[in-house]
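Sequence plus predicted model, see below.
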Amino acid sequence: MIITDEQKTKLIKNNLVYMENIRVKFGRVVALDGVDFTVGYNEVVGLLGDNGAGKTTLIKALNGYNQISSGNIYFDGRHADFSSPKDARSAGIETAYQDLALVNIMSIARNFFMGRELRKGFAFFKFLDKRQMNKIASRSLKEVGLKNIRAMHETVNFLSGGERQAIAIGRANYFGAKLLILDEPTAALSVTETEWVLQLVKEAKEGGLSVILISHNAYEVYDVSDRFVVLQHGKTYANIKKEDTNPEELIEVIAGRLEK
Amino acid sequence: MENKRKLQTFFDRILRIKEIGSLSGLIVVMIIFTLLSDKFMTWDNFIGIFTTTSELGIIAVGVAMLMIAGEFDLSVGSVFAVAPMLGALLSNSGVPIFIAFLIGLVFAGSIGFLNGIIVMKAKITSFIATLGTMMLFRGLLLAVSGGFPIDFLGANTDFLNALGGKLFLGIRASGIWFIAATILFSVILNNTKFGNHAFAVGGNAGTAKAVGVNVFKVKMINFVICSVMAGLAGFTMFGRFHSIDPTAGMQLELEAIAAAVIGGTLLTGGYGSIVGAFMGAFLIGVLRSGLILAGAPSYWYQGFIGVFLVLSVILNTKIRKVVAG
Ligand SMILES: Nc1ncnc2c1ncn2[C@@H]1O[C@H](COP(=O)(O)OP(=O)(O)OP(=O)(O)O)[C@@H](O)[C@H]1O
Ligand SMILES: [Mg+2]
């Protein structure tokens, strides 16, 4: 699809995320081959695709974890080739990674604030404000419904899959993120915990955030998503509004048996 | 019911003290040696233990920092000798000893920097990289010195005494350095952002990177800290003998790692304690002295440390599973 400069300017302005023609290579493996991807303001996008389709790579390109070899990324109206996840975080992108979400052997509070520690003191004598961090982490996690809340010095090792996702979501709320990225948040969750996490996605949207929700499972994410993007072998295979499709059809699209 | 809960929280609290394993080990060992020999629990013996402990312990503090950040350093034993050797050579050729000391530490730091660069840029494990630099610098030491000790030739030994001389009641300066280093790095590790990042990169470097921690920088700094502390430890020994032997510090790297591990530091990184390393080093000193006083032949010492190392890791692992999963 060819678009004019004028259309492009408009797309950048009207979307929180605008990625065009993204290529990512790992050595000779081309993981993303010219992907276009957008996320609107206050929109929940279900990012679907089979194993190895490039979903994780796409969001890691967006948040600066992986460097792109070509293409353009705009975030919140500005050109944004984040050189590290740190830049992406300060711009307002909070990510719950599929495989790198938390440091298991560290405490809940330290994970919550990792990379953005609260400190008190002055000049060279700045020390971690552990009390404040414990307090805030505890409050934020209660807000996202972390039940049976334990002490904030408890290590993440003891948390369930859903509780881990809740940390990322609570973190996004507290630090005022504009975009929340959840990479297969429900992959290893029980039914109740899946419902809980999806409810949190709904609440995040109500709170004004945009969400990228990565999944294999069209049934699971159908309700909470506004739009679906399907990747296949590193290319955008489909981009469908919710009202134009249903879960059964999406499954066919993900499997590559149906083009939309 | 209420009492039981209280008791549980109490035990939980106790187990959460990262140094609990090494502390209880230390107490048990001290009790045994006190029963075995009436010369053990004396001030003189205690001070003797503390002196040798300090030189090992200053290294162990740096080694623990680096191990918590997820890396190894086998070259500390060589750096332990290289830094004071360089200092001795410089001061003997007319450089003021204080300046020679600083240059020695900077050189030690550069070895740490080199270790870090090799590990991080060539992406090989620190075990191999620092095994290489350990052998390289030991070879250099022997080549430069011809295998003979180098004596301090200067007239004024005040500075050397400040490094490793006797201060009061038989306590040596190295003991003060050891305590100061333990406090300093304990505070840095537990109460600063840098310390938090050290735990993070050791616990899971990928996650640390993902939340924006500069993994390269944090690891590099810890490599340098580790080496500088080894150099400092070497200087305290130089301050004690006013002489430095090119074979000094051999096998000290393994004892320093043992000290850190006995103190609860996880070999794979992400977990550990500086105060624990302090106690681990002290325990090794106690074992050495206690065995001699109990009349055991001196070569028993290594075997005992070996047994003790394994037992303490078993204990530490069990405790850690309960409190940290
Ligand atoms: N660091 C890497 N080095 C080399 N190849 C990689 C790397 N990361 C991803 N790939 C490759 O890129 C392709 C896309 O991987 P990606 O992880 O983005 O898929 P995904 O859609 O997230 O899959 P899944 O559903 O299994 O999480 C795969 O072929 C994968 O092997
Ligand atoms: Mg993935």
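Yep, that arrived. Ligands and ions are numbered 1, 2, ... in the order given.

Nearest residue to residue B:308 in space, please, no chain neighbours.
Of all residues not flanking residue B:308 in the chain, residue B:287 sits nearest, at 6.5 Å (Cβ to Cβ, 6 or more residues apart in numbering or on different chains). (Glycine included, C-beta is placed from N, CA and C.)

Does the one you found belong to a helix, a strand or coil?
Following DSSP: H, G, I helix; E, B strand; the rest coil, residue B:287 is assigned to helix.

ok, it - contacts?
Contact partners of residue B:287, counting by Cβ atoms under 8 Å, 6 or more residues apart in numbering or on different chains, are B:29, B:301, B:304-305, B:308.

ditto for residue B:129
Contacts of residue B:129 by Cβ under 8 Å, 6+ apart are B:115, B:118-119, B:122.

Can you tell me how far it is from residue B:222?
Separation of residue B:129 from residue B:222 (Cβ to Cβ, to the nearest Å): 14 Å.

and what of residue B:105?
From residue B:105 over to residue B:222 (counting by Cβ to Cβ), the distance is 16 Å.

Which of these two has more residues huddled nearby?
residue B:222 (28 against 22; other Cβ atoms under 10 Å in any protein chain shown).

For the more buried one, give its distance to residue B:109.
12 Å.

Look at residue B:261 and report its pLDDT.
Note on residue B:261: pLDDT of 94.

contacts for the strand or helix carrying it?
Per DSSP states H and E: residue B:261 is located in helix B:252-262. Residues from elsewhere that reach helix B:252-262 (Cβ under 8 Å, 6+ apart): B:21-22, B:25, B:56-57, B:59-60, B:63-64, B:67, B:72-78, B:80, B:134, B:230, B:267, B:272, B:276-277, B:279-281, B:283-284, B:305, B:308-309, B:312-313, B:316.

If we use 7 Å, what do you get?
B:22, B:56-57, B:59-60, B:63-64, B:67, B:74, B:76-77, B:80, B:134, B:267, B:272, B:277, B:280-281, B:283-284, B:305, B:309, B:312-313 (Cβ atoms under 7 Å, 6 or more residues apart in numbering or on different chains).

can you pull the buried residues of that helix?
For helix B:252-262, the neighbour count (16 or more other Cβ atoms under 10 Å in any protein chain shown) marks B:252-253, B:255-262 as buried.

Please apply the same query to stretch A:14-31.
A:15-20, A:22-25, A:30-31.

Any chance of TSV for these, columns pLDDT?
Output for these, formatted as TSV (pLDDT from 0 to 100):
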residue	pLDDT
A:15	92
A:16	95
A:17	95
A:18	94
A:19	95
A:20	93
A:22	94
A:23	95
A:24	95
A:25	94
A:30	93
A:31	94
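
Could you pull up the residues touching whatever residue of the stretch 51-200 of chain B ends up closest to ligand 2?
Nearest residue of the stretch 51-200 of chain B to ligand 2 (Cβ to the ion) works out as residue B:200 at 22.4 Å. Applying Cβ under 7 Å, 6+ apart to residue B:200 gives the contacts A:103, A:106, A:114, B:208, B:213.

cool, and residue B:54?
So residue B:54 contacts B:172, B:174-175, B:177-178, B:236 (Cβ under 7 Å, 6+ apart).

Okay, and it sits in which element?
Using DSSP H and E, residue B:54 falls in helix B:43-68.

Now the next helix or strand after that helix: buried residues?
Sequence order places helix B:76-92 as the next helix or strand after helix B:43-68, per DSSP H and E. Across helix B:76-92, burial judged by 16+ other Cβ under 10 Å covers B:76-91.

Which parts of the stretch 101-250 of chain B are strands?
B:150-151, B:166-168, B:171-172, B:243-244 (DSSP state E, counting those that start in this stretch).

Serialize these to CSV and add fields for mean neighbour count.
Supplementary listing: these in CSV, determined by neighbours: other Cβ atoms under 10 Å in any protein chain shown:
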stretch, mean neighbour count
strand B:150-151, 16
strand B:166-168, 11
strand B:171-172, 20
strand B:243-244, 21
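
Quick check: which ranges of chain A have low pLDDT?
For chain A, the stretches flagged by pLDDT under 70 are A:1, A:148-149.

Can you name the residues of it that neighbour ligand 1?
A:26, A:29, A:31, A:49, A:51-57, A:98 (Cβ under 6 Å from any ligand atom).

can we see that at 5 Å?
Residues of chain A lying close to ligand 1 (Cβ under 5 Å from any ligand atom) are A:26, A:29, A:31, A:51-57.

Let's see which of those end up in strands.
A:26, A:29, A:31 (DSSP state E).

want to try a markdown table for those, with distance to residue A:184 as columns?
Shown next, in a markdown table, are those (distance: Cβ to Cβ, whole Å):
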| residue | distance to residue A:184 |
| --- | --- |
| A:26 | 20 |
| A:29 | 21 |
| A:31 | 17 |
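
Just the closest of these to residue B:10, please.
Nearest to residue B:10 out of those is residue A:26 (Cβ to Cβ; 51.7 Å).

bridging residues for the closest one?
Residue A:26 has these beta-bridge partners by DSSP bridges: residue A:29.

Then residue A:122?
residue A:125.

burial of whichever residue of the stretch 51-200 of chain B sits closest to ligand 1, as a residue count?
In the stretch 51-200 of chain B, no residue comes nearer to ligand 1 than residue B:123, which is 13.5 Å away by Cβ to the nearest ligand atom. Using other Cβ under 10 Å, residue B:123 is surrounded by 8 other residues.

can you pull out the helices in the stretch 101-250 of chain A?
In the stretch 101-250 of chain A, the helices defined using DSSP state H, counting those that start in this stretch lie at A:108-112, A:130-143, A:161-174, A:191-206, A:218-222, A:247-254.

sorry, back to before: may I see the buried residues of the helix holding residue B:54?
For helix B:43-68, by 16+ other Cβ under 10 Å, it's B:45-46, B:48-68.

Pull up the gap between the residue of the stretch 1-150 of chain A found nearest chain B and ligand 2, please.
Using Cβ to the nearest Cβ, residue A:86 is the residue of the stretch 1-150 of chain A that sits closest to chain B, at 2.8 Å. Separation of residue A:86 from ligand 2 (Cβ to the ion, to the nearest Å) stands at 22 Å.

tell me the centre residue of chain A?
Chain A has residue A:181 as the residue nearest its centroid, 0.7 Å off, counting by Cα atoms, centre = their mean.
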